[in-house]
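Predicted coordinates and the sequence they were generated for:
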Amino acid sequence: MAIHPTAIIDPGAEVHPTADIGPYVVIGAEVHIGAGTRLMGHIFVEGPTWIGDDNIFYPFSSVGVASQDLKYHGERTETRIGDRNKIREFVTIHRGTEGGGGLTRIGSDNLLMAYAHIAHDANVGSHTILGNATTLAGHVTIGDWAIVEAFSGVHQFCRIGRHAFVGGYSVVTKDVLPYSMTVTPRDSKVYGANKVGLKRRDFSSESIDALQKAFRLLSSDELNTSQAVERIRAEVPALPEVDELIEFITSASRGIIK
């Protein structure tokens, strides 16, 4: 195990022999660090936290620290992070709260760019990209393969669906539809399907065309959301991606960005 002599590791921590712990890293009790994970330097990790294999944490990130939620009073809660994530400089990840299920979770193969903030009880999927200074409030859910561009803020309890693209400087106060390209510089708008991203991930032309038609119906000034959903069911091919879109809309508690 490569441990710099200036690192401080609590005896109650579990660090895999192949992990790399850099200078001035502080690892608290009940922190579990998996094989091949590297903490470059000046990183603070507080438990209970589970970190998987082959992650890399760049300098000055902090992980598993107490929530900023004023309802949090020191109850035992957790942070869990998967494998092969890149956590860049000054990223902050807060552990869960009792009122939110007690867990902040980050999947695998994510890129969290510098200054991103993951608040308590957030659930970030896998293969996501959170741009510089992206801020997730508590209880936010980010679906797999979603991209949230720089300096965007996501309101608590909002969901961002799978394969969605959120443009930079957006303020997200409602759910972002899966497969959509959404930008909210002033007025929240969906600009159709995330066609470029979906093509890169080998979605079929049939699926992309069906999603594009569904988004056109959703954004129609002549239809409310319920009417648009009924038109989608009647007029758009019943593909898995379309079914997922409809399910996401009907399960939204905060409303959706159309």
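Thanks, I have the structure now.

Roughly how far does Thr49 sit from Thr18?
Noted for Thr49: a distance of 18 Å to Thr18, by CB to CB, to the nearest Å. Bear in mind the C-beta positions are built from the backbone N, C-alpha and C, glycine included.

These two: which is more packed in?
Thr49 (24 against 15; other CB atoms under 10 Å).

Check what pLDDT that one gets.
Looking at Thr49, its pLDDT is 98.

can you pull up the bridge partners for it?
Val31, Thr79 (DSSP bridges).

dump the residue contacts of it.
Gly28, Glu30, Val31, His32, Val63, Gly64, Glu78, Thr79, Arg80, Ile81, Arg95 (CB atoms under 8 Å, 6 or more residues apart in numbering).

which among those gets closest to His127?
Ile81 (14.3 Å; CB to CB).

Could you check how far that closest one is from Gly64?
Using CB to CB, we find Ile81 at a distance of 9 Å from Gly64.

ok, the closest residue to Val166 other than its chain neighbours to Ala122 distance?
Leaving aside its sequence neighbours, Val166 sits nearest to Val148 (CB to CB, 6 or more residues apart in numbering; 4.5 Å). The spacing between Val148 and Ala122, counted by CB to CB, is 12 Å.

Tell me which of those two has more neighbours.
Comparing Val148 with Ala122 by other CB under 10 Å, the one with more neighbours is Val148, at 30 against 24.

wouldn't Trp45 be in contact with Asn55 here?
Trp isn't right for residue 45; it's Val. No. Between Val45 and Asn55 there is no contact under CB atoms under 8 Å: 11.2 Å.

Who has more neighbours out of those two?
Taking other CB under 10 Å, Val45 and Asn55 do not tie; Val45 has more neighbours (27 against 24).

Who does the more buried one form a beta bridge with?
In beta-bridge terms (that is, DSSP bridges), Val45 pairs with Ile27, Val63.

wait, what's in contact with it?
Val25, Val26, Ile27, Gly28, Val31, Ile33, Leu39, Ile51, Ser62, Val63, Gly64.

mind running it again at 10 Å?
9-10, 13, 21, 25-28, 31-33, 39, 51, 57, 61-65, 79, 81, 93 (CB atoms under 10 Å, 6 or more residues apart in numbering).

Narrow these to just the buried residues.
Among the contacts of Val45, those that count as buried by neighbour count (16 or more other CB atoms under 10 Å) are 9, 13, 21, 25-28, 31-33, 39, 51, 57, 61-65, 79, 81, 93.

Flag every buried residue along the helix or strand of the chain with the lowest mean pLDDT.
Of all helical and strand segments in the chain, the minimum by mean pLDDT, DSSP states H and E falls on strand 189-193, at a mean of 85. By neighbour count on 16+ other CB under 10 Å, the buried set for strand 189-193 is Lys189, Val190, Gly192, Ala193.

list the contacts for the third one?
Each residue near Gly192 by CB under 10 Å, 6+ apart is listed here: 179-182, 208, 211-216, 218-219.

Quickly note the distance from it to Leu177.
10 Å.

Name the residues contacting each of the two.
Common neighbours of Gly192 and Leu177 (CB under 10 Å, 6+ apart) are Leu211, Ala214, Phe215, Leu218.

what about the last one, how many neighbours?
Same thing as Leu218. 23.

can you offset everything so residue one is 549?
Sure, I'll start counting at 549 from here, so that last one is Leu766.
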